[in-house]
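A.B. asks: below are the sequence and a predicted model; questions follow.
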Amino acid sequence: MEDDFIIEAQNVTVRYGELTVLEDVNFKIRRGEIFVIVGGSGCGKSTLLRQLIGLEVPTEGQIMIEGENLSEASADDSSSIMKKFGILFQSNGLFASMTIGENVKLALDSNTSLDEETADRIIDIKLNSVGLLNYKNFYPSEISGGMQKRAALARAMALDPDILFFDEPSSGLDPLTASALDKLIIELNAGLNTTMVIITHDLASILNISHRVLMLDKSVKGVITEGKPDELLNMKENELVYNFFNRIPMEG
């Protein structure tokens, strides 16, 4: 994993009219690592995620995916690059009128021409990997919030992506369910060596699952620090970082 970078943000600046949200952001993500992006409200986490997954193009700079420039790619090339991604949205994005199995199959139908038998076998494999094989014919409304997250994760993995993006995966979950999801993420990362990029504000998850953490802050419109979670937890020389990781309210 050392120096095998799968994602690179190079001098990324994002402006909306006169508003600059991110300015000259640079970082690299190694293949196979769990890379967590954190920061306070309004720091640009969601904005950065949109650049990384190709929903938006940076005002300046570029996002490189395995050496390919996503930010300047043609429509066809961009589509090809984005097929390397799986995305677990904060809202899950499951279709209520489809069973869990049908939700996973949707990803296969939209991107492959697999026959029904092969597709069904893949669906079973993905659902089994998240512990939901017995719920294949259930509808989202018939399972818990935590199970819905896992179903959405199975769909995100349907095409065997090189990179999985998570937007606030523990949002709306109770602590025990969130912890179980963390455990699943760690197991999948270890078993598949899939690169995982996670946006979260859940401190317990940050400390439990991340290999490295990138912290954004709106005061600098970008990266304030980067490092291993235990390093940031003990970074007393930076009050902002130390307070964030130790849940100490800022004065004023």
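C.D. replies: In hand now; what should we look at?
A.B. asks: tell me which stretches of the chain form strands.
C.D. replies: Using DSSP state E, the strands assigned to the chain run over residues 5-16, 19-30, 34-39, 60-65, 68-69, 85-88, 163-167, 195-199, 212-217, 222-227.
A.B. asks: same list, the ones you listed, but as a markdown table with mean pLDDT and distance to residue 122 please.
C.D. replies: The way it works is simple: take the backbone N, C-alpha and C, and place the C-beta from them, glycine included. Listed next are these as a markdown table, based on pLDDT from 0 to 100; distance: least, CB to CB, whole Å:
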| stretch | mean pLDDT | distance to residue 122 |
| --- | --- | --- |
| strand 5-16 | 98 | 23 |
| strand 19-30 | 98 | 27 |
| strand 34-39 | 97 | 24 |
| strand 60-65 | 98 | 24 |
| strand 68-69 | 95 | 26 |
| strand 85-88 | 96 | 13 |
| strand 163-167 | 97 | 16 |
| strand 195-199 | 98 | 20 |
| strand 212-217 | 98 | 31 |
| strand 222-227 | 97 | 36 |
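A.B. asks: residue 183 is nearest to which of those?
C.D. replies: Evaluated with CB to CB, these place strand 34-39 nearest to residue 183, the distance being 12.5 Å.
A.B. asks: could you check the angle that closest one makes with strand 222-227?
C.D. replies: Orientation check (axes from the mean of the first three to the mean of the last three CA atoms, to 10 degrees): strand 34-39 against strand 222-227 gives 140 degrees.
A.B. asks: could you tell me the angle between strand 34-39 and strand 212-217?
C.D. replies: For strand 34-39 against strand 212-217, the angle by the same axes, to 10 degrees is 20 degrees.
A.B. asks: paired strands for strand 34-39, with orientation please.
C.D. replies: Here strand 34-39 has these sheet partners by DSSP bridges: strand 195-199 (parallel), strand 212-217 (parallel).
A.B. asks: distance of residue 88 from residue 185?
C.D. replies: Computed with CB to CB, to the nearest Å, the distance linking residue 88 and residue 185 is 10 Å.
A.B. asks: correction: the previous question concerned residue 164.
C.D. replies: Distance of residue 164 to residue 185, given as CB to CB: 9 Å.
A.B. asks: hey, what's in contact with both of these two?
C.D. replies: Shared contacts of residue 164 and residue 185 (CB atoms under 8 Å, 6 or more residues apart in numbering): residue 196.
A.B. asks: for residue 43, which non-adjacent residue is closest in space?
C.D. replies: Nearest residue to residue 43 in three dimensions, chain neighbours excluded: residue 216, at 4.1 Å (CB to CB, 6 or more residues apart in numbering).
A.B. asks: the one you found - how many residues pack around it?
C.D. replies: By other CB atoms under 10 Å, 25 other residues sit near residue 216.
A.B. asks: please name the bridge partners of it.
C.D. replies: With DSSP bridges as the rule, residue 216 is bridged to residue 39, residue 223.
A.B. asks: my guess is it contacts residue 39. True?
C.D. replies: Yes. With contact defined as CB atoms under 8 Å, residue 216 reaches residue 39; the gap is 3.7 Å.
A.B. asks: what distance do you get for the closest residue in space to residue 247 that isn't next to it in sequence to residue 193?
C.D. replies: Nearest residue to residue 247 in three dimensions, chain neighbours excluded: residue 203, at 6.5 Å (CB to CB, 6+ apart). According to CB to CB, residue 203 stands 26 Å off from residue 193.
A.B. asks: how about the strands paired with strand 34-39 in CSV, adding distance to residue 144?
C.D. replies: Shown next, in CSV, are those (distance: least, CB to CB, whole Å):
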stretch, distance to residue 144
strand 195-199, 21
strand 212-217, 29
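A.B. asks: quick one: closest of those strands to residue 47.
C.D. replies: Among those, strand 212-217 comes nearest to residue 47, with 9.2 Å by CB to CB.
A.B. asks: and the closest one, C-alpha only, in CSV?
C.D. replies: Included here for strand 212-217 are C-alpha records, laid out as CSV according to Å, rounded to 0.1, in the frame of the first residue of the first chain:
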residue,chain,number,x,y,z
ARG,A,212,-5.5,8.0,7.8
VAL,A,213,-7.6,11.1,8.5
LEU,A,214,-7.8,14.3,6.5
MET,A,215,-9.2,17.3,8.5
LEU,A,216,-10.7,20.3,6.7
ASP,A,217,-11.5,23.6,8.3
